[in-house]
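In: how would this look folded up:
(chains A and B)
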There are 2 protein chains.
Amino acid sequence: MKRRDFLKVSAAGAAGASIASPAIAQSMPVIKWRMTSSFPKSLDTLFGAGVMMAKQVAEMTDNKFQIEVFAAGELVPGLQALDAAANGTVEMSHSVAYYYVGKDPTFAIYSCVPFGLNARMQNSWWYQGGGEQLGNAFFQKYGVIAHPCGNTNTQMGGWFRKEIKTLADLRGLKMRIGGIAGQVMAKLGVVPQQLAGSDIYPALEKGTIDAAEWVGPYDDEKLGFQKVAPFYYYPGFWEGGPMIHVFTNLAKWNSLPKNYQAIVANAMANANIYMAARYDEQNPAALKRLVASGTMLRPFNKDILEEALKATNELWADLSAKNPSFKQSIDAMQAYRNDEYLWWQVAELTFDSFQIRSRSRG
Amino acid sequence: MKRRDFLKVSAAGAAGASIASPAIAQSMPVIKWRMTSSFPKSLDTLFGAGVMMAKQVAEMTDNKFQIEVFAAGELVPGLQALDAAANGTVEMSHSVAYYYVGKDPTFAIYSCVPFGLNARMQNSWWYQGGGEQLGNAFFQKYGVIAHPCGNTNTQMGGWFRKEIKTLADLRGLKMRIGGIAGQVMAKLGVVPQQLAGSDIYPALEKGTIDAAEWVGPYDDEKLGFQKVAPFYYYPGFWEGGPMIHVFTNLAKWNSLPKNYQAIVANAMANANIYMAARYDEQNPAALKRLVASGTMLRPFNKDILEEALKATNELWADLSAKNPSFKQSIDAMQAYRNDEYLWWQVAELTFDSFQIRSRSRG
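Out: Take a look at the predicted model:
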């Protein structure tokens, strides 16, 4: 008998006869969890970050802790992912906090709101600036704990069938845009429409809607909007740096051994940076293909941005007056943002601006 | 006897009598490693990201895998950290690749070079754009494997005793600036000086040097440069997004169980995002204090940036002509950068620019 075989047998015997090393067994229990995603598999970067996180957890635990990831609709509809984790249907949900503004608009602040934080600032606020503590104090009322698990970076402002030269061109425009961004655009005269991803293309093609926002070049290209709406506007000022979270059932989270909690938290951070890096990798090539195929890039004009900012500030005042939780979170986020951009305008923006101006020369 | 006590005793018995569960024992061995840092403890964010990484590894393994972190000079001098990992004096080193340009200028490209990538792009290139494969193929020739473990974000251009209004004002200026950045500044007439951090303040005070670059507001403030050099320039165009790495002895890395490799890799990603978030948290307040105490912020003028870019491109041509490894890496980085900034100028820069312009209004 080889030494290796002997060890196998005696270990099996030991485990059968008594209970093998409980200290080790406790720290590495076999656990199988399920995570429902708000995203379809076709949004491979959004969906993929959840799969990547689960893969990291499995590798770190020698497959003892396995998280099976389900696409939107496989177990529960995409927009009910958080509820499914909260009520214990699944242990985890990979989702966007702003999907749940129907429960409380405070949710949106921890993903993104119009004229909020860019991606790096959203991380900085969450991990270092008190966002995590404020956010999870809020989320725990819904029975979940949140971990950042991805960011799309600044999104695009969407596809328009006609050019939008002035604020007046927005009036009466039927645009696929939801949640708080839709409320802001409504103040500018837009008629917001709620449509699932798969329904956008036919609606734009038929002219049932005039415009639609989705994500950015890489994801938008796959839905083919460029074939039916030639004007592609930027920036998506309502999504400067949308943070994607995993919401985990709080009781299930608390039941995990401490080392498994640490393993999950580190896998989340890895997946968080992974999604942002992957979008940065994918978007330039997609943008080039779109422009080569005739897409016309246009910036929103200054009047539109200014008016949208005014509408946003009015909305924050309204919501803050009736919702103390919203007021606490929006005040904290805005104070953080104002400090961050004070610094950003010095080294970061100056560096990036020069790099862009000189791109063709080196 | 309580059930818990019974389990303890029988487990000890089982472990004594035979060998408890070798599968588990193999996957969670007790390991103690040492990591030498290139940073002093006073640079708490740079040094601290290494400590944070080690803490995550310990938590994920129930303290079975412990990495003890030593500050620069405790075991080996800061600038010999990579060598100490390569020759096995320690298992790991937390350092900056550009410290090792004396061995080969290719090193610098994986931390940062003048007019290179910003912090998010450096991540994207490493994790998704092929940087990791190219970088580690290079690093393995030195017996180490690299993992990103922090980023300072765009640095400042340094402290100047006199205002720099034109390119001519740089001629003959004695500036503390090292490595490749020093070579670029030399082409602009600057006389680069190599000085350790602790020697900069007295040299600036006495006028032995006229200028010095260090990191950014949070770290610079602690060294007190604002008291002896009133003009604080930006951006540090030679450090747009410096990536900090941990270099691990390759044989030691290969000897780790796969799950421990995964645990270390995830802890690195967590520490990578942690350092950048912490600098973003700390810099705004430090900048405000500096300006309140009389520091005068100044952008480098366009001529200086343009001339420095020209000097940089000349240097890349020279180095590429004699060093195929440098050429391969710099070509890859520059192609990546040009694509990234093509995209960055659309949504990201437009969003950030508006946020900065409107900062006082919302």
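
In: ok, A:E314 - contacts?
Out: A:K187 (C-beta atoms under 8 Å, 6 or more residues apart in numbering or on different chains). Backbone N, C-alpha and C define where each C-beta goes, glycine included.

In: how close does it sit to A:V184?
Out: 9 Å (C-beta to C-beta, to the nearest Å).

In: cool, and A:G129?
Out: 24 Å.

In: repeat for A:E205
Out: On the measure of C-beta to C-beta, A:E205 and A:V184 end up 26 Å apart.

In: what about those two, which has more around it?
Out: Neighbours per residue (other C-beta atoms under 10 Å in any protein chain shown) separate A:E205 from A:V184, with A:V184 holding more: 26 against 15.

In: which strand or helix spans that one?
Out: In this assignment (DSSP states H and E), A:V184 forms part of helix A:179-187.

In: helices or strands next to the helix or strand that that helix is followed by in the packing?
Out: Next helix or strand after helix A:179-187 toward the C-terminus (DSSP H and E): strand A:191-193. On a contact count with 3 or more C-beta pairs under 8 Å, 6 or more residues apart in numbering or on different chains; DSSP states H and E, strand A:191-193 meets strand A:174-176, helix A:179-187.

In: name the residues that touch strand A:191-193?
Out: So strand A:191-193 is contacted by A:172-178, A:182-183, A:185-186, A:203, A:209 (C-beta under 8 Å, 6+ apart).

In: select from the residues you listed the one having the most neighbours.
Out: A:I177 (27 neighbours).

In: what about A:A311, distance to chain B?
Out: 11 Å (C-beta to the nearest C-beta, to the nearest Å).

In: ditto for A:W126
Out: Distance from A:W126 to chain B, by C-beta to the nearest C-beta: 8 Å.

In: is that residue in contact with A:N136, as I believe?
Out: No: using C-beta atoms under 8 Å, A:W126 is not in contact with A:N136; the gap is 9.8 Å.

In: how about A:Q194, nearest residue that isn't a chain neighbour?
Out: Nearest non-adjacent residue to A:Q194, counting by C-beta to C-beta, 6 or more residues apart in numbering or on different chains: A:G178, 5.3 Å away.

In: show the pLDDT at the one you found.
Out: A:G178 carries a pLDDT value of 90.

In: wait, it sits on A:G197?
Out: No: contact status for A:G178 versus A:G197: not in contact, 11.3 Å apart, counting by C-beta under 8 Å.

In: mean confidence score for the longest helix along chain A?
Out: Identified as the longest helix of chain A according to DSSP state H is helix A:258-292. Averaged over helix A:258-292, pLDDT sits at 98.

In: quick one: the next helix-or-strand element following that helix near chain B?
Out: Heading C-terminal from helix A:258-292, the first helix or strand you meet, by DSSP H and E, is strand A:296-299. Yes: Strand A:296-299 is in contact with chain B by C-beta under 8 Å from any C-beta of the partner chain, via A:297, A:299.

In: what pLDDT, on average, does strand A:296-299 get?
Out: What strand A:296-299 shows for mean pLDDT is 98.

In: now that strand: buried residues?
Out: By 16 or more other C-beta atoms under 10 Å in any protein chain shown, the buried positions in strand A:296-299 come out as A:R298.

In: next up, the contacts around A:T89.
Out: Here A:T89 is in contact with A:36, A:75-76 (C-beta under 8 Å, 6+ apart).

In: try 10 Å this time
Out: A:34, A:36, A:75-76, A:80-81, A:83, A:249 (C-beta atoms under 10 Å, 6 or more residues apart in numbering or on different chains).

In: likewise A:A277?
Out: A:45, A:151, A:153, B:120-129, B:269.

In: just to revisit the earlier point, isn't the residue nearest to A:Q194 right up against A:Y98?
Out: Yes: with contacts defined as C-beta atoms under 10 Å, A:G178 counts as touching A:Y98 at a distance of 8.4 Å.

In: identify the contacts common to the two.
Out: By C-beta under 10 Å, 6+ apart, the residues touching both A:G178 and A:Y98 are A:W238.

In: which of the contacts of A:T89 fall in helices?
Out: Using DSSP H, those in helices are A:81, A:83.

In: could I get the contacts of A:T89 as a markdown table with pLDDT, neighbour count and distance to B:P114?
Out: Output for the contacts of A:T89, formatted as a markdown table (pLDDT from 0 to 100; neighbours: other C-beta atoms under 10 Å in any protein chain shown; distance: C-beta to C-beta, whole Å):
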| residue | pLDDT | neighbour count | distance to B:P114 |
| --- | --- | --- | --- |
| A:R34 | 98 | 18 | 49 |
| A:T36 | 98 | 29 | 47 |
| A:L75 | 97 | 18 | 51 |
| A:V76 | 95 | 21 | 51 |
| A:Q80 | 97 | 21 | 51 |
| A:A81 | 97 | 29 | 45 |
| A:D83 | 98 | 20 | 51 |
| A:N249 | 98 | 22 | 49 |
